Structures are given as structure tokens and as C-alpha cells.
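Trainee: Turn this into a model:
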Amino acid sequence: MNPHIRGFIATGWFYDPQLARVSPHMAFLRSGSLAHGAVSACMGPTEGALKNALVRSPKRQRLYDEGKYVPSGHAVIWTREAMLQWAGLA
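Mentor: Below you'll find the predicted structure:
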């Protein structure tokens, strides 16, 4: 179905590998995709990543203030072929 869909790409601070350490409950957002064939690309620290990663987490804000965490934007890229294989349709 939908041969025009060539894959999936998403970007955000919540794909940052540092989340496994600073917010382990959110690490599945990155690790689940990567475990099934997606790749990741670092976009580096951005104003948006900083603002959004810290807005609702006192822990991440504290780690940032202590110099132990700098939010970074990342992209997750999942090809159509990898998604179909994950879904058992390839």
C-alpha cells in the first residue's frame, strides 16, 4: 500500500541519545526506531531543542544548569524498506 511513501523522518530533542541517561523513560522514542532499521543524524544544539527539552522537566533543567546536559536536536530516518521489514511485509 501507499508506494508514494518513501520513508519516515522526524526531528526533535527527544531523539537525543542523552535521554537514555537524563530521562530514561523517554529513550524508547529513539531506541525503538533504531532497533528496527532507522538511522539517526545529529543536528546539534539548537535553540528549539534547549527550550523544549527544559520546559517541563526540573531534572533536565537542573542538569543543564550544572553543565551536565546540553539538549541536542536529532533526526530519525526510517526508510520504507526498513519499515516494511519491521511490519513483516517485506
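
Trainee: Next up, phi/psi of His36, please.
Mentor: Taking degrees, to the nearest 10, you get phi -120, psi 30 for the backbone angles of His36.

Trainee: show me what contacts it?
Mentor: Trp78, Ala82, Met83, Gln85, Trp86 (C-beta atoms under 8 Å, 6 or more residues apart in numbering). Just so you know, the C-beta spots here come from the backbone N, C-alpha and C atoms, and that holds for glycine as well.

Trainee: ok, now with 7 Å
Mentor: Applying C-beta atoms under 7 Å, 6 or more residues apart in numbering, we find His36 in contact with Ala82, Trp86.

Trainee: Against Ala82, how distant is it?
Mentor: Note on His36: its distance to Ala82, by C-beta to C-beta, to the nearest Å, is 7 Å.

Trainee: Not counting sequence-adjacent ones, nearest residue to the spatially most central residue of the chain?
Mentor: Most central in the chain under C-alpha atoms, centre = their mean is Tyr15, positioned 1.3 Å from the mean C-alpha point. Using C-beta to C-beta, 6 or more residues apart in numbering and skipping residues adjacent in sequence, the residue nearest Tyr15 is His74, 3.9 Å away.

Trainee: chain center to stretch 38-50, what's the gap?
Mentor: Its chain's C-alpha centre and that of stretch 38-50 lie 8 Å apart, by C-alpha atoms, centre = their mean, to the nearest Å.
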